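Peer 1: Here is my input; please provide its structure:
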Amino acid sequence: MTDDFDDEAHERLRERVANEADSVLWTFKAYYVGADWYSKWDRRSDWAVFGIAGLLTITLIWDSLPTIIAIALAITTAVISGYQRMANPGDTAENYYRAAHAYQRLFDDFRDFIKLELAKEETGLDEMEERYHELAARRRNLNEDMPDVTDKWYDELDDSIYDEVGTHEEAKERLTGEAKLIDKPPNRDLDDSVTDRIAGEAKLSDEEEDDKQK
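Peer 2: Model prediction:
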């Protein structure tokens, strides 16, 4: 490592990249979960309408069931078809898949950046930071352009998603470990104002501090 390379700045950048990549990873996985659910709902609704309509046709032709049942089948078909048109699960699934693909492409670009640029000191910090800001801007644009993904789909995920791609400290290491240029980040003492901004809510009041000292 060259003497003029700021390893502390690189470690801070690596942490920021890890946070961005981690967020993108969870987002595209959540979109895929939601897209799969809406896609299955769309297919099952189609099959339900098709099956009930077929049964209704047979009933009308052969007059094999009471009239009340035929009416109930017709109403059920109408309700399912109307709800399907209003909810539009097929279009929702398509939009979610489109968003998932876009976020996955961004995640792949983050991974390439981590392995091919962030991991190499000769790339230079300025170029690394420029590339990071470019990728972060793409994420912000996607957040504005893509449909909302609710917490429901995030709740379907767990830490096993890291096994599929290969941030707590362990996850950060798995996401950006290749880019680590120092064995251990140096200690950095924060001044009181920065400490308060980060952990001000955990600061004990004067009375509590006095009680603890007794």
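
Peer 1: Contacts only, for Leu13.
Peer 2: Leu13 makes contact with 118, 125, 128-129, 132, according to Cβ atoms under 8 Å, 6 or more residues apart in numbering. In this view, the C-beta of every residue, glycine as well, is placed from N, C-alpha and C.

Peer 1: brain fart, Pro147
Peer 2: Pro147 makes contact with 92, 95-96, 99 under the criterion Cβ under 8 Å, 6+ apart.

Peer 1: Could you rerun that using 6 Å?
Peer 2: Residues near Pro147 by Cβ atoms under 6 Å, 6 or more residues apart in numbering: Asn95.

Peer 1: now it, what's its secondary structure?
Peer 2: Here Pro147 is coil, with the state taken from DSSP: H, G, I helix; E, B strand; the rest coil.

Peer 1: Averaged over its residues, which helix or strand of the protein has the lowest pLDDT?
Peer 2: When each helix and strand of the chain is scored by mean pLDDT, DSSP states H and E, helix 192-199 comes last, with a mean of 34.

Peer 1: Restricted to helices, list the contacts of Leu13.
Peer 2: 125, 128-129, 132 (DSSP state H).

Peer 1: Model confidence score at Ala21, please.
Peer 2: pLDDT recorded at Ala21 is 88.

Peer 1: What about it, how many residues nearby?
Peer 2: Per other Cβ atoms under 10 Å, the neighbour tally for Ala21 reads 25.

Peer 1: Equivalent analysis for Asn95, please.
Peer 2: Neighbours around Asn95, by other Cβ under 10 Å: 17.

Peer 1: what does Tyr38 give?
Peer 2: 21.

Peer 1: what about Asp4, which SS state?
Peer 2: The three-state label given to Asp4 by three-state DSSP is coil.

Peer 1: From Gly124, how far off is it?
Peer 2: The gap separating Asp4 from Gly124 is 11 Å, by Cβ to Cβ, to the nearest Å.

Peer 1: more neighbours, these two?
Peer 2: Taking other Cβ under 10 Å, Asp4 and Gly124 do not tie; Gly124 has more neighbours (12 against 5).

Peer 1: for that one, phi and psi?
Peer 2: phi 90, psi 140 (degrees, to the nearest 10).

Peer 1: any idea how far it is from Glu8?
Peer 2: The value you get for Gly124 to Glu8, if Cβ to Cβ is used, is 16 Å.

Peer 1: Fine by me, we can end here.
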